[in-house]
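J.: Have a look at this prediction, sequence included:
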Amino acid sequence: MANSLNTQSTTHKANNDSLIGTYDGGLERDEEDRKSDLAGGDKGRILDLQLRGQAWNLNMFDVGRPLGKGKFGRVYMARTRTQPPFVVALKCLYKTELVEARVEKQLRREIEIQANLRHPNILRLYGFFYDGKRIFLMIEFAGKGELYKQLNKLGRFSDKRSSRYIAQMADALLYLHSKHVIHRDIKPENLLLGINGELKIGDFGWSVHAPGNRRTTLCGTLDYLPPEMIEGREHTAAVDLWSLGVLAYEFLVGGPPFEESGHSATYRRISRVDYSIPSHVSPEAQDLISKLLVHEPEQRLSLEKVQNHPWILKYKKSSRSTGVV
Ligand code: AMP
């Protein structure tokens with residue numbers, strides 16, 4: 001039987017469930033830890049007004065095992081009590097913490113962007129709801145978890161696996177760019193894996209709708225930032241092409257191409273496009289990386305050309321499949 005969730009007393013009974021796993025009491029523990037906090041207050045209520053719709057509530061879910069803990073709260077595997085039931089990742093965010101970190105606007109943007117996207121390699125945001133203190137996001141469950149954990153475990157990915165991941169990224173980015181969304185924060189930590197091993201872009205915290213050129217604001221990990229962003233120049237969707245090149249490099253080599261201990265050293269290397277590719281990387285992969293890691297944004301290989309690059313075509317499956325294995 002699924003665990004029960006009594007929102008009257010806000011206690012969840014720990015229970016065993018073979019599909020969604022065992023709830024660990026984390027939501028109540030967080031509640032205890034935050035007893036001394038302000039309860040969101042007026043600023044929290046402003047968030048409510050900014051987020052539309054409230055068809056769901058916590059009572060409509062069986063909460064299962066914890067999937068992870070992010071900066072602003074926990075993520076649980078959960079199943080709707082609807083018929084038929086539906087499994088989601090339920091992300092719980094604390095309003096006070098969002099307000100304190102001044103990320104309300106960023107969250108709003110993330111929700112607005114992600115809720116409107118439909119692509120097999122982009123994590124769906126099905127909906128959201130809130131109570132007095134928390135905001136819950138109903139996100140597509142990524143069955144195989146975080147990509148960077150796999151990368152850490154294996155050290156680096158094979159030529160074939162890397163090529164298939166990059167093909168899926170190119171598909172997803174082409175879709176995003178067609179919707180005038182620039183991701184701007186592509187890195188292994190923001191990528192999850194679906195149940196068939198397919199890649200899922202999972203974090204839209206730094207995405208922007210791009211009506212045209214924008215002045216840059218520094219964000220994201222320095223390792224993945226293109227020259228135009230660290231140099232404070234205007235940037236376009238071509239920032240994602242650069243990051244795709246960095247990602248391909250990291251998949252194949254196990255670390256990013258411009259990594260240095262200090263920021264200014266990384267900055268210098270990015271600006272000079274100063275990197276080298278180890279000889280174990282296939283010539284086709286080297287060719288693609290060198291066509292993406294190009295200083296001038298307009299000269300980077302387009303996503304359509306990435307999709308048709310020999311390194312991508314080499315491992316392309318005959319039938320349409322987004323999986324890796
Ligand atoms: P986040 O707050 O988004 O960084 O999420 C914290 C952790 O929860 C992540 O590092 C993942 O391990 C896990 N997680 C987040 N979203 C999902 C999801 N949709 N499916 C599976 N696991 C997730």
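T.: Arrived safely.

J.: Identify each buried residue in the longest helix along the chain, please.
T.: What stands out as the longest helix in the chain, according to DSSP state H, is helix 159-178. Residues of helix 159-178 classed as buried: 159, 161-177 (neighbour count, 16 or more other Cβ atoms under 10 Å). C-beta coordinates here come from the backbone N, C-alpha and C atoms, glycine included.

J.: which one is Lys69 nearest to, not counting chain neighbours?
T.: Residue nearest to Lys69 in three dimensions, not counting chain neighbours: Val75, with 7.3 Å by Cβ to Cβ, 6 or more residues apart in numbering.

J.: Specify the local secondary structure of that neighbour.
T.: strand (DSSP: H, G, I helix; E, B strand; the rest coil).

J.: thought Val246 was touching Val239?
T.: No - here Val246 lies out of contact with Val239, judged by Cβ atoms under 8 Å, at a distance of 10.7 Å.

J.: what's the pLDDT at the nearest residue to Leu174 once chain neighbours are set aside?
T.: Setting aside the residues directly before and after it, Leu174 is nearest to Leu303 in space (Cβ to Cβ, 6+ apart), at 4.5 Å. Note for Leu303: predicted pLDDT of 98.

J.: Arg272: neighbouring residues, count only.
T.: 11 (other Cβ atoms under 10 Å).

J.: show me the contacts for it.
T.: Under the criterion of Cβ atoms under 8 Å, 6 or more residues apart in numbering, Arg272 has no neighbours.

J.: Please report the distance of it from the ligand.
T.: Using Cβ to the nearest ligand atom, to the nearest Å, we find Arg272 at a distance of 33 Å from the ligand.

J.: Can you pull out the low-pLDDT segments for the protein?
T.: The chain contains residues with pLDDT under 70 at 1-16, 32-54, 205-221, 318-325.

J.: Show me the helices in it, by range?
T.: Using DSSP H, helices in the chain cover 26-33, 41-50, 95-100, 104-115, 147-154, 159-178, 227-230, 238-253, 263-271, 283-292, 303-307, 310-314.
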